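Visitor: Turn this into a structure:
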Amino acid sequence: MYNVADERAELTADVQSTAESTAVAAQDAALNPRFYTTDFDEMNKLDFSSMREQWDAMVAEFKSDPNRNHFKRTPEFDEDFSKLPPKLRQEFVDFLISSVTAEFSGCILYAEIKKRCTNPDVRELFGYMSRDEGRHAGFINHTLNDFNVRVDLSFLTRAKKYTFFKPKFIYYATYLSEKIGYARYITIFRNFEQQPDKRWHPIFKWFDNWCNDEFRHGEAFAVLMRANPETLQGINKYWIRFFLLAVFCTMYVRDHLRASFFGAMGMSVDDYDRKVIKLTSLISKQVFPVSLDLESPRLWELFEKMFQLTLAIEATKRIPGIGSALRRMMMKATVAITFVQLYFLPVESNALPADVRMEPVW
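Guide: Residues are numbered from 1 along each chain as shown. As a prediction, the model looks like this:
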């Protein structure tokens with residue numbers, strides 16, 4: 001029998017779930033994906049003439065839209081996922097919320113660049129990339145619906161704080177984000193090829209072609225930076241070193257906070273992070289003149305120290321009182337010192353290849 005009270009209760013629960021998940025996505029915590037804006041006038045000055053042939057070939061690939069038919073749901077998505085263990089369900093939902101926020105962040109930034117720039121090369125490229133990221137975000141958000149969760153993306157656009165980054169910082173951070181996204185997706189996909197019994201949701205089957213979008217976006221920034229070599233020279237080498245550390249360290253800490261999530265996929269979080277970081281570092285040699293020494297035990301020791309400090313800081317938040325607040329301040333200072341120690345570890349110099357373009361072969 002139709003029951004108005006039941007429908008109202010269900011609707012209220014859905015509204016609360018959307019509000020809660022959107023609030024999580026809108027948080028500006030240190031480890032959460034952020035929304036960015038930049039100097040669009042400076043981006044207008046980008047010149048691609050020195051790499052016109054590679055640029056045009058890359059843009060033609062974007063225009064062909066290889067994944068235009070990829071993000072289609074199948075009957076597999078209609079399965080009952082309510083039997084997932086509660087802890088795994090929550091960690092999977094958190095993973096999806098973080099992913100949809102990151103994808104939508106790229107969509108908004110790229111769309112704004114297209115809107116605010118007049119350089120025809122820039123407008124065309126970032127229009128295609130915004131299309132891809134919007135498609136990814138919508139697909140993830142639809143998957144969240146399978147768990148009665150949804151992020152209100154239109155609200156997120158208004159509520160999320162925007163961080164200003166100079167264009168070159170956008171290039172470094174976004175290049176790494178796209179390439180590390182590729183490495184993460186393909187590593188998870190290959191894992192499930194070997195352990196299909198561990199795959200608890202069909203979205204993981206989409207990671208193969210999906211990761212090629214991430215790879216292609218990284219290629220765009222690689223060509224952009226190589227066509228404008230001042231972004232890779234002089235003091236900018238030190239900024240590249242900073243972003244390599246910041247991106248890799250953030251990933252290490254964030255993943256280790258959900259180690260059981262990776263365990264449920266049949267993976268050790270340590271092995272996963274080392275594999276993804278090493279693959280991303282290898283790829284980045286196409287454009288970055290420096291790379292981290294990932295064979296250094298000290299680097300991984302300091303990454304682990306950052307994770308342990310994060311755990312300790314989170315623990316103090318649950319303890320009231322000025323003593324707890326003081327301990328938290330001291331540990332945050334130790335985090336800063338640890339990052340400085342990471343920064344001054346030896347790095348390796350790379351000779352950049354003549355042909356910047358790469359093909360995913362992993």
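Visitor: pLDDT score for Asp146?
Guide: Confidence at Asp146, expressed as pLDDT, is 85.
Visitor: show me the residues around it that make contact.
Guide: Residues in contact with Asp146 (C-beta atoms under 8 Å, 6 or more residues apart in numbering) are Phe77, Phe81, His201. Just so you know, the C-beta spots here come from the backbone N, C-alpha and C atoms, and that holds for glycine as well.
Visitor: same deal with Gln195?
Guide: Met265, Gly266.
Visitor: which outside residues touch stretch 124-141?
Guide: 59, 62-63, 65, 67, 71, 96, 99-100, 103-104, 106-108, 110-111, 113-114, 117, 150-151, 153, 203, 206, 210, 213, 216-217, 220, 224.
Visitor: Which residue ranges of this protein form helices?
Guide: 4-26, 40-43, 52-64, 86-116, 120-145, 153-159, 167-194, 207-227, 236-256, 259-264, 269-284, 297-316, 322-343 (DSSP state H).
Visitor: Could you give the separation of the fifth one from the chain centroid?
Guide: If I follow you right, that is helix 120-145. Here the centre of helix 120-145 is set off from its chain's centre by 14 Å, with C-alpha atoms, centre = their mean, to the nearest Å.
Visitor: What are the buried residues along that helix?
Guide: Neighbour-count burial for helix 120-145, with 16 or more other C-beta atoms under 10 Å as criterion, is recorded at 121-123, 125-141, 143-144.
Visitor: tell me the angle it makes with helix 52-64.
Guide: 40 degrees (axes from the mean of the first three to the mean of the last three C-alpha atoms, to 10 degrees).
Visitor: the inter-axis angle of helix 120-145 versus helix 167-194?
Guide: 40 degrees.
Visitor: ok, how many other residues are close to the spatially closest residue to Phe192 that is not a sequence neighbour?
Guide: Once flanking residues are discounted, Phe192 sits nearest to Arg199: 4.5 Å by C-beta to C-beta, 6 or more residues apart in numbering. The local packing of Arg199 (other C-beta atoms under 10 Å) involves 17 other residues.
Visitor: Tell me the backbone dihedrals of Arg199, please.
Guide: Note on Arg199: its backbone torsions stand at phi -80, psi 110 [degrees, to the nearest 10].
Visitor: mind checking pLDDT for it?
Guide: Looking at Arg199, its pLDDT is 93.
Visitor: picking that back up, distance to Lys278 and neighbour count for the contacts of Asp146 - can I get that in TSV?
Guide: Shown next, in TSV, are the contacts of Asp146 (distance: C-beta to C-beta, whole Å; neighbours: other C-beta atoms under 10 Å):
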residue	distance to Lys278	neighbour count
Phe77	33	15
Phe81	33	15
His201	27	16
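Visitor: Leu309 reaches Thr338, doesn't it?
Guide: Yes. At 6.9 Å, Leu309 counts as touching Thr338 under the criterion of C-beta atoms under 8 Å.
Visitor: Next, show the common contact partners of those two.
Guide: What both Leu309 and Thr338 touch, as defined by C-beta under 8 Å, 6+ apart, is an empty set.
Visitor: which stretches of the protein have low pLDDT?
Guide: Residues of the chain that meet the criterion pLDDT under 70 lie in 1-33, 155-160, 361-362.
Visitor: how does it divide into domains?
Guide: Annotated domains of the chain cover 30-69+85-290, 293-351 [automatic domain parsing].
Visitor: just so I know, which of the ones you listed lies nearest Met358?
Guide: Set against Met358 and scored by C-beta to C-beta, those come closest in domain 30-69+85-290, at 5.5 Å.
Visitor: what sits against Ser284?
Guide: Counting by C-beta under 8 Å, 6+ apart, Ser284 makes contact with Tyr175, Leu176, Lys179, Leu244, Ser291.
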